[in-house]
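**Q** Predicted model and sequence below, questions to follow.
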Amino acid sequence: MAEPQAIYLSDYRPPAYHVDKTELTFDLDPQATRVRARLHVTRHPESEAQAALTLHGHGLTTERIAIDGQALLESEYRIEADQLIIDQVPETFVLDTEVIIDPTSNTALEGLYVSGPMFCTQCEPEGFRRITWYPDRPDVMAVFTTTVIGDRQRQPVLLSNGNPIERGELPDGRHFVTWEDPHPKPAYLFALVAGSLECVRDSFTTMSGREVALELWVEAQNLEKTDWAMASLKRAMKWDEEAYGREYDLDLFMIVAVDDFNMGAMENKGLNIFNSAAVLANPQTTTDATFQRIEGIVAHEYFHNWSGNRVTCRDWFQLALKEGFTVFRDQSFSSSINSAPVKRIEDAALMRTLQFAEDAGPTAHPVRPDHFIEISNFYTLTIYEKGAEIVRMLSHLLGEETFRRGSDLYFERFDGQAVRVEDFVETMAEVSGEDLTQFMRWYAQAGTPQLTARSDYDAEKRRFTLTIAQQTPPTPGQEHKQPQHVPVRMGLMAADGQPVELIINGESHGTDTVLHLREAEQQWVFENVDAGAVPSLLRGFSAPVRLEYPWSRDELSHLMRFDEDGFNRWDATQRLALIAIEEMMAAHQRNELMALDARLIEAFRYLLREPTDDRAVLAEMLRLPSEAWIAEQQRRVDIDAIHGARRAAIEQLADNLFPEFESVYHANQQSEAYAPTPEQMASRSLKNVALSYLVANGEVEALNMARAQYEADDNMTDVRAALTLLAHSDRADLGDPAIRAFGERWAHDSLVMDQWFATQVTRPQADALERVRFLMDHPAFSIKNPNRVRALIGAFTQQNRVNFHRLDGEGYRLLADVVIELNRLNPEIAARMIVPLTRYHRLDEKRQALMRGELERIRAENLSRNVFEVVEKALA
Ligand code: 7MF
Ligand code: ZN
């Protein structure tokens, strides 16, 4: 088999032919669906007159190809390497094709497939070629008319993009619906859903007074889980009108929930398709975190209607154009509803742990890559999260108002077009007059810039000098990096806890300013500063960088108490805890007792005793740095020492502050009925952090509190928090019955069973891996369902570091076994699941050898392009 070849951005050529109108007819059948396509094709005036027509297709059984009604002879076309090439075509013509596809055997879940009782599609990025012959690239945009024919009984509901324009009965118990989508779109936004579905209806009146029908389609048993998504949708529609002036542009907007889905959701025009895990919710089955996640995803997909659909990507190298912008938009939406500092803490924590790790590993890539083997592998944290951080930096550089003028102009100017990252950034440069040339490096350079800051105080002149240097480490294929434009938001906190007025060159900047770091090293002098001022740097995580500054523990405690920026109060607490934990790890390695720094205990005592107006932030401050974030700090990662020291720190905090945690636990009990409101969520978050410390103390009393909370059975947030504590405790007599009861009670609900799987396999105890193998045979598990795989295998390999990295290599072997099986069934999921196995570079030699061994074993298989690309990079 020939090795898969890379595709380069520099090889981009505009399409020789465009399709103005696409007419599709689906004759649905589980094993043999017939797809007729009628493409109205015109040669692009700038392409050469004799250009061949090239279409993509994968796994199609071709029955007929005709041009202007004339069937082609076999000598008139070629099919090679997933392409249909017709050398001679007229300037303008109609291409008719007829193919047969098999949705039932489609386990990759790309193109048209069967999920339970329904047919559904996923076409982004290159799934449409599995449906019919087509120029499957985002710069070919057509108006689609789609007729879906199905069995009246088995598929009473037949959906596609746009508006239904005709429906009727057919012989043999069949019926049809014809849909027309008036907005030209690339094939990746095509969607079809058919099955026995129930509908929840609502409506939304747009700012110009048009009434839009809203429909949420689910299987009957899920009707009780639709309220939250519908409410979230209406909030998102309103927000996009207010924040961006964007109105919805069809009379109908539909969301469908499906059980088998590779990712969270998909923004198909007028017909968003959602993984049921990303849309279905009610208080009994869904935690607060998931309520918030659903709200964000519903908004994200809706926002794509402008940032992605009306203005789309020229090619897949530009993926971050739509994804980075849309994530920035959904983040802003979420912070307008829930605690803004907590949203920022969560997003920054995700960046700093998982995205930084990606950027430092073998699959590191720029936000706009210049080559790839398999584009599905590039739906990464770098594209989404770092891409959003870049847009956030732009909005801060320009200011909110100018940014809004820029986005207005961008949507207006490029409406209906497929464009590049440059088009977005140049529009922002145009409206602001800013020179964004250096800023563009954020899209081109991979790797996380490292900022090293130091300060110097001149007591005589009362001057505080801050020096910041930057350096971006080499990444695969990019040895040398140039300095980037890094906005560093900062302030100075005086010894008395008051903010210092920032005076640079005689000019006042208030108490909070943005320093523009553009050189390899730069210096700023603040005048009129008293001794003892503490710098607060990178407020609000103003740039996606690592920052080092030699803060003392007293200075960190000072920032934790007084910093005006909620994000940096949290960050100071994390840094303080990190120093304490690293000290304990060092003690452990010297075979000494791990004693927790008294200053951290005192800092926590302060946090627990001082009344605070933002309890949601307080809850985050009480969480110790994650094992992943601790590992990010280490040159050589010691998996067991990290886990042991963090665990010991939690226990010692619990021992020293038991009464404080207990009173926080009691003070945050709720009497009113559950609602996913910010206030209630803050209370539950704080209460459940407190409970986790109480249980860590080891007192039976605390475990009984957890059991009582579990048995009170008020809402899934509290039940799941309590269940996790019981199931992760050493007390099998408490954990096992709870797990058993939960599994029986929720056996009928696969989304709750996913929580049940994840809770069990994230146990720190040594039997976690055996539980994974055992649960893989559980009737509720299926390797073919991506949610089940993520809940069982993903949770174990990504959230149970001590057990995944077992020194006998069993964790690695288990993951490799799963990846080998998934490689055949579902390459996209296989390539996602394999990632933890590629992160071996900073581990000890023994583990490195074991992990490479498993990667080699995978490489010996007949690999999909997806897995091939990741394994090659990991072993390079
Ligand atoms: C919020 O981006 C943030 C990210 C592609 C599929 C959804 O709309 C999407 C799709 C992947 C990974 C993450 C997300 C999505 C996809 C996503 C969803 C909600 N265009 Br792959
Ligand atoms: Zn998206």
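**A** Sure, I can see it. Ligands and ions are numbered 1, 2, ... in the order given.
**Q** okay, CA-based contacts and neighbour counts for the rest of this
**A** Noted.
**Q** And the helices in the stretch 351-500 of the chain?
**A** 356-359, 381, 387-398, 400-414, 421-432, 441-444 (DSSP state H, counting those that start in this stretch).
**Q** Which among those helices is found nearest to M490?
**A** Of all the helices of the stretch 351-500 of the chain, helix 387-398 sits nearest to M490, with 13.4 Å by C-alpha to C-alpha.
**Q** Just confirm yes or no for the closest one near ligand 1.
**A** No. For helix 387-398, no contact with ligand 1 is found by C-alpha under 6 Å from any ligand atom; the gap never falls below 10.1 Å.
**Q** which other residues reach that helix?
**A** For helix 387-398, contacts defined as C-alpha atoms under 8 Å, 6 or more residues apart in numbering pick out 320-321, 323-328, 367, 403, 428, 432, 434, 442-443, 487, 542-544.
**Q** same check, this time on stretch 535-545
**A** Stretch 535-545 has contacts (C-alpha under 8 Å, 6+ apart) with 341, 344, 348, 351-352, 386, 389-390, 393, 448-451, 486-493, 547, 559, 563, 565-568.
**Q** ok so, going back, just the buried ones among the contacts of helix 387-398, please.
**A** 320-321, 323-328, 367, 403, 428, 432, 442-443, 487, 542-544 (16 or more other C-alpha atoms under 10 Å).
**Q** Of those, which fall within the contact range of ligand 1?
**A** Answer for the buried ones among the contacts of helix 387-398 near ligand 1 (C-alpha under 6 Å from any ligand atom): E323, V327.
**Q** Ligand 1 versus R590, what's the distance?
**A** The gap separating R590 from ligand 1 is 43 Å, by C-alpha to the nearest ligand atom, to the nearest Å.
**Q** Now that residue: phi and psi?
**A** Main-chain torsions, R590, degrees, to the nearest 10: phi -90, psi 10.
**Q** Please apply the same query to Y674.
**A** phi -60, psi 140.
**Q** State the pLDDT value of A49.
**A** With respect to pLDDT, A49 scores 86.
**Q** Now for it, how many residues are close by?
**A** 14 (other C-alpha atoms under 10 Å).
**Q** Which strand or helix spans the closest residue to ligand 1 within the stretch 151-300 of the chain?
**A** Using C-alpha to the nearest ligand atom, the closest approach of the stretch 151-300 of the chain to ligand 1 is made by I297 at 4.2 Å. Here I297 sits within helix 288-303, counting by DSSP states H and E.
**Q** avg pLDDT for that helix?
**A** 98.
**Q** again, but for stretch 127-147
**A** Taken as a whole, stretch 127-147 carries a mean pLDDT of 98.
**Q** next one: stretch 673-691
**A** Mean predicted lDDT for stretch 673-691 stands at 97.
**Q** Other residues contacting it?
**A** Counting by C-alpha under 8 Å, 6+ apart, 283, 288, 291, 337-339, 615-616, 618-619, 622-623, 661-662, 664-670, 702, 706, 714-715, 717-718, 721 sit against stretch 673-691.
**Q** can you pull out the helices in the stretch 601-750 of the chain?
**A** Under DSSP H, counting those that start in this stretch, the stretch 601-750 of the chain gives helices at 615-621, 627-632, 639-667, 678-696, 700-712, 716-727, 732-745, 750-761.
**Q** counting contacts, what elements does the last one pack onto?
**A** It stands for helix 750-761. If you count contacts as 3 or more C-alpha pairs under 8 Å, 6 or more residues apart in numbering; DSSP states H and E, helix 750-761 packs onto helix 716-727, helix 732-745, helix 768-775, helix 795-799.
**Q** any idea which of those helices is most buried?
**A** Stretch with highest mean neighbour count among these: helix 716-727 (a mean of 24; mean count of other C-alpha atoms under 10 Å).
**Q** you'd agree I504 is up against V525?
**A** Yes. The criterion here is C-alpha atoms under 8 Å, and I504 meets it with V525 at 6.0 Å.
**Q** For G809, give me its contacts.
**A** R847, L850, M851.
**Q** nearest to E91, of those residues?
**A** Nearest member of the contacts of G809 to E91, counting by C-alpha to C-alpha, is M851, at 55.6 Å.
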